[in-house]
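# one predicted model, sequence on top.
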Amino acid sequence: IKRVDDTLVMTACSSTALGSVTVGGSVTATKADTALSTGTETTDLTIPTLTILDADGKLRKNAHEPVIDKATALKIYENMAYIRVLDERMLAAQRQGRLSFYLTCTGEEASVVGSIAGFKSHDMVMSQYREQAALRYRGFSSEQFMNQLLSNDLDFGKGRQMPIHYGSHELNYMTISSPLATQIPQAAGYAYGQKLAGKDACTICYFGDGAASEGDFHAGLNMAAVSNCPVVFVVRNNGYAISTPTSEQFAGDGIAPRGIGYGISSIRVDGNDILAVYAASVEARKLALQTNAPVIIETMSYRLGAHSTSDDPSSYRNADEEEIWRQKDPILRMKKWLLDKGWWSDQQDHQLKTQYKKEILDALKSQEKRPSPPLSDLITDVYKTPPLHLRQQYTELLNHIAKYPDHYLPNPNNIDHRSALTQVN
């Protein structure tokens, strides 16, 4: 990564460069996270951070706006605003006992929406569990979010996953897995298949800084580099792996320099700067397809919310630290930029958020009334015919529920005894 005339150039640092892309903007040559860095300056490869907008939504000195039309900009902003409202409403619903679990994207909306906006709808998305904004950008409805969160009969996952483990075949969004980093080598493999099939498509793979400490991260990156896979890895460096700060995860300068070690084109961007994320993502996709090679984008942001509804961040970080990052709110920054361009107004903003609150609450109220998936779905879809041991276990389960119905289902008479048991006999 090098600086040329106040622009940031991505280039692979290896004996054979994979290519380079110029992204207009200004750079700050600081360590990965000024608040959480370790300060080990003597041996680190320190790379700069691409930034275009300041916290007030103004262009930084020597920075240039990427090519982005009004319609795209408004779609990005509207999706960021939607996810903020969704997260607030679902967090409240979990506290009310209407959901068992939830996980927000608060503070990281630009990292997710700005990146997915730079890709095409036929590109595959492999995410972790904080990228619901990417799914919304592709067209996931409020009702579909509720179906999954509530595990009702319309849930694409048939109630087999815990909440926020979304997936959509129609929207090219691979179903989420709980174990960290499993999607990284899978993304490399999927992208390799896209290349072999001659498709004009690539894979975008999301994960956090915590997942970058898993072995699958290294295996996946090496596979992608050696096999020349058109995959873009977007790592959200939000400061914490649950309660573990980045200063206790690694001594080096963040995640992006690791890509250079594998011969992968790498760039670091201000993850709260929507234009920087978008510009880098557009160019990263272009580079991945033109060279059939992987790219890493490290977005520097901050997880404003708890890790999940099971977490209490006050036990490992203080309010002053959080307030510093609240002043860098990515949604507010983009709103100021839109207002300055005359593309948005405060009245439109109020109407939009009011509309989203009603839409989401209406969807929650309607979809939580739907029944659960048939219990027989527990043993289908893996084998063509459920094997004997699963059928026996299913029979035992039915007998157990019949004996203790009040402990399991609001209405045990709704249990579907048919589809799986018709294959028992």
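Happy to help now that I have it.
# so for residue 353, what's the pLDDT?
We have a pLDDT of 98 for residue 353.
# do the same with residue 418
At residue 418, pLDDT is 43.
# model confidence for residue 244, exactly?
94.
# low-confidence ranges in the stretch 151-300 of the chain?
Along the stretch 151-300 of the chain, the model assigns pLDDT under 70 to no residue.
# okay, and the beta partners of residue 298?
Assessed by DSSP bridges, residue 298 has beta-bridge partners residue 235, residue 268.
# does it touch residue 238 like I think?
No: with contact defined as Cβ atoms under 8 Å, residue 298 does not reach residue 238; the gap is 11.0 Å. C-beta: built from backbone N, CA, C; applies to glycine.
# and the longest helix along the chain, what does it pack onto?
Longest helix in the chain, counting residues (DSSP state H): helix 70-95. Helices and strands touching helix 70-95, by 3 or more Cβ pairs under 8 Å, 6 or more residues apart in numbering; DSSP states H and E, are helix 109-116, helix 132-138, helix 142-150, helix 274-291, helix 330-341, helix 346-367.
# looking at residue 298 and residue 238, which is more packed in?
residue 298 (29 against 24; other Cβ atoms under 10 Å).
# measure that one to residue 192 for me?
Distance, residue 298 to residue 192, by Cβ to Cβ, to the nearest Å: 23 Å.
# pick the most buried one from the helices and strands packed on helix 70-95.
Counting by mean count of other Cβ atoms under 10 Å, helix 109-116 has the highest mean neighbour count of these, with a mean of 30.
# quick one: name whatever helix or strand follows it.
Following the chain from helix 109-116 toward its C-terminal end, the next helix or strand by DSSP states H and E is strand 124-126.
# quick one: average pLDDT of that next one?
98.
# please state the offset of it from the chain centre?
10 Å (Cα atoms, centre = their mean, to the nearest Å).
# now swap in stretch 87-102 and tell me
With Cα atoms, centre = their mean, you get 19 Å for stretch 87-102.
# kindly report the same for stretch 46-56.
For stretch 46-56 - counting by Cα atoms, centre = their mean - the centre lies 21 Å from the chain centre.
# then stretch 184-197?
19 Å.
# which parts of stretch 225-237 are buried?
By 16 or more other Cβ atoms under 10 Å, the buried positions in stretch 225-237 come out as 225, 227, 229-237.
# thought residue 119 was touching residue 284?
No: counting by Cβ under 8 Å, residue 119 does not reach residue 284; the two are 9.1 Å apart.
# give me the common contacts of the two.
residue 232 (Cβ atoms under 8 Å, 6 or more residues apart in numbering).
# check the chain and tell me which residue is nearest its centre.
residue 131 (2.4 Å; Cα atoms, centre = their mean).
# do you know how far that one is from residue 246?
19 Å.
# what do you get for residue 128?
16 Å.
# and for residue 169?
35 Å.
# do residue 225 as well
24 Å.
# can you check residue 144 too?
From residue 144 over to residue 246 (counting by Cβ to Cβ), the distance is 34 Å.
# swap in residue 237?
Residue 237 is 7 Å from residue 246, by Cβ to Cβ.
# same deal with residue 328?
17 Å.
# model confidence for residue 413, exactly?
51.
# over to the one 10 residues further on?
Predicted confidence (pLDDT) at residue 423: the value is 41.
# same question, residue 1
pLDDT, residue 1: 36.
# ditto for residue 52
98.
# from residue 72, how far off is it?
The value you get for residue 52 to residue 72, if Cβ to Cβ is used, is 15 Å.
# looking at those two, which one has more neighbours?
A count of neighbours by other Cβ under 10 Å puts residue 52 above the other of residue 52 and residue 72, at 26 against 13.
# any idea how far residue 269 is from that one?
Where residue 269 is concerned, residue 52 sits at a distance of 9 Å (Cβ to Cβ).
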